[in-house]
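Enquirer: I would like to see how this sequence folds:
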Amino acid sequence: MSRFSTFGNELHSGQRSIPIVPRRKWWYLGSALILVILAAITGVRGVNWGIEFTGGSEFQISHVSNPDQALARDVVREHVPSNEPRISQVGGNILRVQTEELSTDATKALNADLAKAYNVPAEDVSSSFVGPNWGGDVTAKAMQGIVIFMLLVTIVMALYFRNFKSSVAAMAALTHDLLFTIVAYGAIGFEVTPATVIGFLTVLGYSLYDTVVVFDKVRENTEGFLERTNATFATLVNRATNQTLVRSINTSVVALLPVGSILIIGAFILGAGTLKDISLALFVGIIAGTYSSIFLAPSFLVDLRKGEKSIKDHTLRVERTQEKDVVAA
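Expert: Next comes the predicted model:
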């Protein structure tokens, strides 16, 4: 830990520097390749849509002493031969069975046979029907929320940093994080539920927080830089990224520990669908947000501003000054 602290101090003081911004093309290429690979895996496997998006009937069997999923699968196939049910364990003694939409008579018959198969009272088997429009409505409202959120954040950041391109760079990094979280979630194959959508929305805050921290340091480092010739704009942005690197990593690790614990407990111990759905989205989103705030957002900012006349002229002055210093030495 002391070595990591020493490393962070060296980065902050400038004794050591990681060429993050100078090697930005590699980060762009790496991100693009990972997104393409994950999207291809998702395309091949197909998205595992939850019943809220596809519609269907759902049965929950409580107080199960033998949670053998094969029993429920065999019972469902007797009633609906053409349907492959989705069966999952929720908690230690509850099974959830999802099928295509069934009629009232078929639901009652399946309800009774599931109770018989697991040797539980009929009242321990509950059934419900979920229409496909509900999940679609949730997603539509979530998309509206994302658009409104990004518009408001773009305006606020432009006013705060007094530069519209800072907002554009932050939104580009945020878009990357959302896309990465979505395709990673799809590639892993967890069921997409409304809890997943909530997780995607929560990622926005985590991602933006780290980017604002980095950009705030960029603003501090570049204050009045046009009057100085000791470093270019890209160099100052890279320095700011190095100075906030350890802080970003520490913040993300602290956030990942509880989220990772919830993911492990929800997915492998309790079998709680809602817990693992939202925690996986958060876990992947936090990692993506940390990566983008360090490697992508500052690089986007440099590329967006490098064409400005004042920055181009300043870069030439710095390079000429550095050349004169080399010759003099």
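Enquirer: Give me the buried positions along the host helix or strand of residue 176.
Expert: Secondary structure from DSSP states H and E places residue 176 in helix 164-188. Of all the residues in helix 164-188, those buried under the rule 16 or more other CB atoms under 10 Å are 165-174, 176-178, 180-187. Just so you know, the C-beta spots here come from the backbone N, C-alpha and C atoms, and that holds for glycine as well.
Enquirer: per-residue confidence for residue 140?
Expert: pLDDT for residue 140: 79.
Enquirer: Actually, residue 13.
Expert: 68.
Enquirer: do residue 326 as well
Expert: 62.
Enquirer: about what we covered before: same question for the helix holding residue 176, mean pLDDT?
Expert: On average, helix 164-188 scores 90.
Enquirer: Who are the packing partners of that helix?
Expert: helix 24-45, helix 132-161, helix 194-221, helix 273-291, helix 297-305 (3 or more CB pairs under 8 Å, 6 or more residues apart in numbering; DSSP states H and E).
Enquirer: mind pulling up the phi and psi values for residue 60?
Expert: Per-residue torsions, residue 60: phi -120, psi 120 (degrees, to the nearest 10).
Enquirer: what residues are up against it?
Expert: 90, 94-97, 125-127 (CB atoms under 8 Å, 6 or more residues apart in numbering).
Enquirer: swap the cut-off to 6 Å and go again
Expert: 96, 126 (CB atoms under 6 Å, 6 or more residues apart in numbering).
Enquirer: Quickly note the distance from it to residue 127.
Expert: Using CB to CB, to the nearest Å, one gets 8 Å for the distance from residue 60 to residue 127.
Enquirer: just residue 81 next, same as before
Expert: 19 Å.
Enquirer: Quick check, central residue of the protein?
Expert: The chain has residue 285 as the residue nearest its centroid, 2.1 Å off, counting by CA atoms, centre = their mean.
Enquirer: so what's that residue closest to, chain neighbours aside?
Expert: In this structure, residue 285 finds its nearest non-sequential neighbour in residue 203, 3.0 Å apart by CB to CB, 6 or more residues apart in numbering.
Enquirer: Buried residues, stretch 56-74. List them.
Expert: Within stretch 56-74, the residues that count as buried by 16+ other CB under 10 Å are 56-62, 64, 67, 71-72.
Enquirer: The residue nearest to residue 285: neighbour count?
Expert: 24 (other CB atoms under 10 Å).
Enquirer: surely it meets residue 286?
Expert: No - using CB atoms under 6 Å, residue 203 is not in contact with residue 286; the gap is 7.4 Å.
Enquirer: longest helix anywhere in this protein?
Expert: Scanning the chain for the helix with the most residues, using DSSP state H, yields helix 233-264.
Enquirer: pLDDT on that helix, on average?
Expert: Averaging pLDDT along helix 233-264 gives 87.
Enquirer: In terms of secondary structure, what does it contact?
Expert: Judged by 3 or more CB pairs under 6 Å, 6 or more residues apart in numbering; DSSP states H and E, helix 233-264 is in contact with helix 2-13, helix 194-221, helix 273-291, helix 297-305.
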